[in-house]
Every structure is written in structure tokens, then in C-alpha cells.
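Q: 3D model of this:
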Amino acid sequence: MTNPVKSFPVKHPSDGVARQVLADAPELMVVSFRFEQGAKGALHQHPHVQSTYVESGRFRFTIDDDSFEVGPGDSFAIPSNARHGCECLEPGQLVDCFTPRRDDFL
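A: Numbers count the residues shown, from 1 in each chain. A predicted model of the protein is given here:
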């Protein structure tokens, strides 16, 4: 078996946000997002199911018509095609998993 560990570049999709793919397969992708205070993940939607784990920081998330705050250790799932986004209240890191893989992140 070949070494499955890959190295992916850090991308900056918007001001104060750094994104790095950590692992991928056609059926699954793990991605790290680092946010500076005040940075936003713009409202968007995609066909992928997403789970989010808050490694550090505080965030206000919106999923469809619901808004809520999360902090270290919190996790939740975002259904396929749900409109969602976030605002960083305290600098931190999110770890997102997507199924299937987000080919647009490669």
C-alpha cells in the first residue's frame, strides 16, 4: 500500500479565513478552517452533507432560519442544500467533514 498521507496547500477564500484540506476520498473530505475574529463564512449552500466540529474559538452559525452560538467541543450537522454561514466571535478553528468530497476545494 502506498502512503495515504497527502499535503494540501492553505487557501484564503475570504479575509480572515484560511482553509486547508486535511484528507480526502471520493466519498469524504476533512477540511480545517481557521478564522480571525470578525471574519465570516458567507451564507451559501451545497449538495454535500457537512458536519462541523469546533476545535477552538466561538462562532455564530446560521442554518436556514436558525441562528446559534458554538464553542470548543461543540459539533453539529448541516443537511444537504441547507443555506448556512458563520461569523467568528473569538478567533478559532473549525474542522468540517463533507460527504461526498468537495471537488471544488481541490
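
Q: low-confidence stretches in the chain?
A: Filtered on pLDDT under 70, the chain yields the residue ranges 1-3.

Q: my guess is residue 50 contacts residue 77. True?
A: Yes: the criterion here is C-beta atoms under 8 Å, and residue 50 meets it with residue 77 at 7.0 Å. In short, each C-beta sits where N, CA and C put it, glycine included.

Q: higher neighbour count, these two?
A: Using other C-beta atoms under 10 Å as the criterion, residue 50 and residue 77 rank with residue 50 on top: 20 against 11.

Q: specify the beta-bridge partners of that one.
A: Note on residue 50: beta-bridge partners by DSSP bridges are residue 78, residue 98.

Q: could you pull out the strands for the protein?
A: Counting by DSSP state E, the chain has strands at residues 10-14, 17-25, 28-35, 40-44, 49-63, 66-70, 75-78, 84-99.

Q: tell me what angle the last one forms with strand 66-70.
A: Meaning strand 84-99. Angle of strand 84-99 versus strand 66-70, following axes from the mean of the first three to the mean of the last three C-alpha atoms, to 10 degrees, is 70 degrees.

Q: which strands or helices does strand 84-99 pack on?
A: Strand 84-99 sits against strand 28-35, strand 40-44, strand 49-63, with contacts defined as 3 or more C-beta pairs under 8 Å, 6 or more residues apart in numbering; DSSP states H and E.

Q: and the second one, by the same measure?
A: Using 3+ C-beta pairs under 8 Å, 6+ apart as the contact test, the elements touching strand 17-25 are strand 10-14, strand 28-35.
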